[in-house]
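Asker: okay, here's the prediction I keep looking at, along with the sequence it came from:
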Amino acid sequence: MDIRMMTPFFHHILNAPADENTTSNKSNNAGPTGAYVRDARAMAATMADVKEYPGSYVFIVDMPGLKSGDIKVQVEENNVLVISGERKREEEKEGVKYVRMERRMSKLMRKFALPENANTDKISAICQDGVLTVTVEKLPPPEPKKPKTIQVQVA
């Protein structure tokens, strides 16, 4: 079964300002919202591998710097698996100032359309060393229909 990744990689959206009130064009025409732009950037920045095994699908997602409590794994309508998290700035301590700050706050997110045979009731997630592994078990294949035998009566 083919797994389609739902990731918009539109150059103009990824480079658009992420301000809540800003759209890609300044007129009253509808453009992408700030939330959409942030989500698009998050999806483009989040690396993932997808593997298919005989009994499951495995999603391996880089989530550097996130604790397991900061990561959310959800199944939305139409069997869409959503993996997200947010890296927040460390609390500043009194008397300490940054000389250089290269690691930034960021949102990480990926969406995957799950195939029909994915069992959304049997999903597990493990985060170790900044790598999240989400396993989605497959439903057993439907049993083939047996031909129905009809007895012929003698008239």
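Answerer: Received it, and whenever you're ready, just let me know what you need. Numbering: from 1, shown residues only.
Asker: show me the shaky parts of this structure.
Answerer: Within the chain, the stretches falling below the threshold (pLDDT under 70) are 1-30, 38, 41-42, 103-104.
Asker: which residues of it fall in strands?
Answerer: 4-5, 48-52, 56-62, 71-76, 80-87, 106-113, 118-128, 131-138 (DSSP state E).
Asker: can you give me the buried ones in the third one?
Answerer: I take that to be strand 56-62. The neighbour-count criterion (16 or more other CB atoms under 10 Å) identifies S56, Y57, F59, V61 as the buried residues of strand 56-62. From N, CA and C alone the C-beta is placed, and that goes for glycine too.
Asker: any idea how far the first one lies from P64?
Answerer: It refers to S56. Between S56 and P64 the distance, using CB to CB, to the nearest Å, works out to 25 Å.
Asker: check the second one too.
Answerer: With distances taken as CB to CB, Y57 is found 23 Å from P64.
Asker: if V58 is in a bridge, with which residues?
Answerer: The residues paired with V58 through beta bridges, assigned by DSSP bridges, are K51, T135.
Asker: and if you look at I71?
Answerer: The bridge-partner assignment for I71, based on DSSP bridges, gives G85.
Asker: in terms of contact, does it touch M63 like I think?
Answerer: Yes: because the distance of 5.8 Å satisfies CB atoms under 8 Å, I71 is recorded as touching M63.
Asker: kind regards, and thank you for your time.
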